[in-house]
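A.B. asks: sharing a sequence plus its predicted fold:
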Amino acid sequence: MRIRKATLNDLAGIMDVVRNSGYPLQHQYSQDTIKFFIDRHIVFVAEEMNIVGYMVVKENFRDGSELESIEVDNRFHGKGVADQLIERAEQTVKKLKKNKLYIKCWTGNLRASSFYEKKGYKKLELIKAYYSDGKDANLWCKEL
Ligand SMILES: CC(C)(COP(=O)(O)OP(=O)(O)OC[C@H]1O[C@@H](n2cnc3c(N)ncnc32)[C@H](O)[C@@H]1OP(=O)(O)O)[C@@H](O)C(=O)NCCC(=O)NCCS
């Protein structure tokens, strides 16, 4: 599997992942939002024959950077794709001379939460009603 920077040519492949990741909340990113992320932030894709995962790193958030999104096509869950992506995110943030990576995640997203915990992230704050439907988010953070 290859992890590489995304370009606008990857929009369709990333949208397939958005539709097939099994993200547990109603909200899904639109193609325009993904395009905005590619223009303004740092987007990586994980690629086999096709794109099987992507993530978005926002360079500036508080005193570090933020992993704005990480999603893997559900047919590839449990194979270490997210693990490789987040390792790359951490390397990228260190190269930007930031030493913290933050992630906001719905409190009920147990799978993603156990993944962040395993990768050494700590729950820093509860952000009440962070999502448009009123659900709460945990703010996770790792010192790199
Ligand atoms: C969260 C997500 C990105 C993990 O992707 P993944 O490629 O399946 O993760 P990995 O294979 O790298 O697994 C890493 C760890 O995740 C956890 N994990 C994987 N499968 C799991 C499962 N079925 N149940 C609970 N935890 C699981 C484990 O801690 C696992 O480590 P292990 O393999 O040593 O047990 C993926 O489930 C996903 O795309 N979910 C929908 C989108 C989403 O919720 N994104 C996060 C938003 S905050």
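C.D. replies: That came through, no problem.
A.B. asks: count the neighbours of W106 for me.
C.D. replies: 19 (other Cβ atoms under 10 Å). Quick note: C-beta positions are derived from backbone N, CA and C, even for glycine.
A.B. asks: doesn't G134 make contact with it?
C.D. replies: No. Counting by Cβ atoms under 8 Å, W106 stays clear of G134, with 11.2 Å between them.
A.B. asks: which elements pack onto the longest helix seen in the chain?
C.D. replies: For the chain, the helix with the greatest residue count under DSSP state H is helix 81-95. Secondary-structure packing of helix 81-95 (3 or more Cβ pairs under 8 Å, 6 or more residues apart in numbering; DSSP states H and E): strand 2-5, strand 42-47, strand 51-61, strand 64-72, strand 100-106, helix 110-118.
A.B. asks: present these as CSV; the columns should include distance to the ligand and mean pLDDT.
C.D. replies: Output for these, formatted as CSV (distance: least, Cβ to the nearest ligand atom, whole Å; pLDDT from 0 to 100):
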stretch, distance to the ligand, mean pLDDT
strand 2-5, 12, 98
strand 42-47, 8, 98
strand 51-61, 6, 98
strand 64-72, 4, 98
strand 100-106, 4, 98
helix 110-118, 4, 97
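A.B. asks: so which of these gets nearest M15?
C.D. replies: strand 51-61 (9.5 Å; Cβ to Cβ).
A.B. asks: hmm, who's touching the closest one?
C.D. replies: Defining contact as Cβ atoms under 8 Å, 6 or more residues apart in numbering, one finds that strand 51-61 is touched by 1, 6, 10, 13-14, 16-17, 37, 41-46, 65-73, 75-76, 81-82, 85-86, 88-89, 92-93, 96, 98, 102.
A.B. asks: alpha carbons of that strand, in PDB - could you do that?
C.D. replies: The C-alpha coordinates for strand 51-61 follow below in PDB (Å, rounded to 0.1, in the frame of the first residue of the first chain):
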ATOM      1  CA  ILE A  51      -7.900   4.700  -3.100                       C
ATOM      2  CA  VAL A  52      -8.900   2.900   0.100                       C
ATOM      3  CA  GLY A  53      -8.500   5.700   2.700                       C
ATOM      4  CA  TYR A  54      -7.700   9.400   3.100                       C
ATOM      5  CA  MET A  55      -7.000  11.900   5.800                       C
ATOM      6  CA  VAL A  56      -6.900  15.700   6.100                       C
ATOM      7  CA  VAL A  57      -4.200  17.500   8.200                       C
ATOM      8  CA  LYS A  58      -4.900  21.100   9.100                       C
ATOM      9  CA  GLU A  59      -1.500  22.800   9.800                       C
ATOM     10  CA  ASN A  60      -2.700  25.200  12.400                       C
ATOM     11  CA  PHE A  61      -5.000  24.300  15.300                       C
END
